[in-house]
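> no sequence on this one, just coordinates:
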C-alpha cells in the first residue's frame, strides 16, 4: 500500500497549526543544550509553555 501524501497533508493542515521562528544560532544552541540537560524535547516544552500561557489568560 502506498502513502497518499496529498491526503496526509490535507489532514495535517486541518488538525494542526505549524509554529516556527528563526533565532540566532548561538541562542538556539544554548536553548537546545538546556532542553537536553532537562531531558525535554522542544515540542514538549513548547506545548507546556502554550498550555501555561493560555491558562493564565482565562
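That came in fine, so what should we check first? The model shown is predicted, which means the values in this text are computed figures rather than measured ones. Numbers count the residues shown, from 1 in each chain.

> distance from the lengthiest helix in the chain to the middle of the chain?
Counting residues, the longest helix found in the chain (DSSP state H) is helix 42-56. Distance of helix 42-56 from its chain centroid, counting by C-alpha atoms, centre = their mean, to the nearest Å, is 10 Å.

> what helices or strands is it leaning on?
Under the contact criterion of 3 or more C-beta pairs under 8 Å, 6 or more residues apart in numbering; DSSP states H and E, helix 42-56 touches helix 25-37. Yep, even glycine has a C-beta here, placed from its N, CA and C like the rest.

> contacts for the helix it packs on next, please.
With contacts defined as C-beta atoms under 8 Å, 6 or more residues apart in numbering, helix 25-37 is touched by 23, 41-42, 45.

> average model confidence for that helix?
Mean pLDDT, helix 25-37: 97.

> hang on, the earlier thing: hmm, which two among the contacts of helix 25-37 are most spread apart?
23 and 41 (17.1 Å; C-beta to C-beta).

> for the most centrally placed residue in the chain, give its distance to residue 26.
Geometric centre of the chain, nearest residue: residue 43, 3.7 Å, by C-alpha atoms, centre = their mean. Distance, residue 43 to residue 26, by C-beta to C-beta, to the nearest Å: 22 Å.

> and the nearest residue to residue 23 once chain neighbours are set aside, how many residues sit next to it?
Of all residues not flanking residue 23 in the chain, residue 31 sits nearest, at 7.6 Å (C-beta to C-beta, 6 or more residues apart in numbering). Neighbour count for residue 31, taken as other C-beta atoms under 10 Å: 13.

> relative to residue 18, how far out is residue 31?
Residue 31 is 19 Å from residue 18, by C-beta to C-beta.
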